[in-house]
Each structure stands twice: as C-alpha cells, then as structure tokens.
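Trainee: Quick one, fold the following:
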Amino acid sequence: MDDGFNEFLHVPARLAIVALLAPASWTEFGFMREAVDTSDSALSKQVSALAAKGYLEVRKHKSIGGRRTLVRLTPEGREEFRRHAEALERIAATARAPQVVGPDG
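Mentor: Numbers count the residues shown, from 1 in each chain. Okay, the predicted model is just below:
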C-alpha cells in the first residue's frame with residue numbers, strides 16, 4: 001500500500017469529517033452533523049476517535065442558546081489528511097494509467 005495511505009482516516013465517516021474540516025477553521029458540531037448526514041452520537045464517536053489520535057481539537061463552551069461544540073483539524077490532522085488524499089490520488093492515477101499487456105495477451 002502507498003506510504004501515505006492512512007487506514008485510520010480511510011474509515012468513511014472519519015474521511016468525511018476531515019475532508020469537511022480541511023478548508024475550514026473552527027466548525028460547529030451541528031453544522032458538521034448536517035453536512036456529513038449523521039447522528040449526534042455517531043459524529044461524537046468519530047470526533048472523539050480523531051481527537052484521541054491528535055487529529056482534531058475540540059472546544060466546548062456555553063453560549064446564550066446552550067452549549068456549543070467547535071471542532072478543527074490540528075496541524076497533525078491537516079498533514080495526515082493531506083498525505084492520505086495524495087495517496088488516494090496516486091492510487092487512482094495508477095488505476096487510470098494505460099495497462100501494459102504481457103506477451104500472453
């Protein structure tokens with residue numbers, strides 16, 4: 001497998017989360033839940049797993065309407081996502097490359 005391929009990030013829910021966060025700064029949990037079309041509990045589980053690996057930073061604070069949870073990629077998380085995305089691009093490029101056919105056809 002490609003050196004940059006990250007099996008932990010490749011889990012579809014995690015990949016959707018980091019892809020959503022990549023171009024952003026702090027992002028609200030509710031927005032993330034709607035954008036990746038999942039439940040609070042499923043998103044919370046994946047955010048916790050990503051934070052435990054050091055890929056996300058989570059901030060919780062009280063606001064007038066209740067509690068707000070904000071999430072962003074850490075520099076390590078941003079770099080791991082970049083490496084993983086590049087690995088996926090290389091894998092896809094290999095699949096699109098003309099195939100060399102051996103002498104047996």
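Trainee: Tell me which residue lies nearest the centroid of the chain.
Mentor: V18 (2.5 Å; Cα atoms, centre = their mean).
Trainee: So that residue sits against Y55, correct?
Mentor: Yes - between V18 and Y55 there is a contact at 6.8 Å, judged by Cβ atoms under 8 Å. Any C-beta I mention is one placed from the backbone N, CA and C, and that applies to glycine too.
Trainee: Identify the contacts common to those two.
Mentor: Counting by Cβ atoms under 8 Å, 6 or more residues apart in numbering, the shared contacts of V18 and Y55 are 9, 73, 77, 80-81.
Trainee: Out of these, flag the one nearest to K60.
Mentor: Using Cβ to Cβ, L73 comes nearest to K60 of the shared contacts of V18 and Y55, at 17.1 Å.
Trainee: Just say helix, strand or coil for P98.
Mentor: coil (DSSP: H, G, I helix; E, B strand; the rest coil).
Trainee: Tell me how many other residues crowd it.
Mentor: Using other Cβ atoms under 10 Å, P98 has 5 other residues around it.
Trainee: who's in contact with the helix or strand harbouring T94?
Mentor: Per DSSP states H and E, T94 falls inside helix 75-96. Outside helix 75-96, the residues that touch it by Cβ under 8 Å, 6+ apart are 2-6, 9-10, 15, 18-19, 21-22, 50, 53-56, 73.
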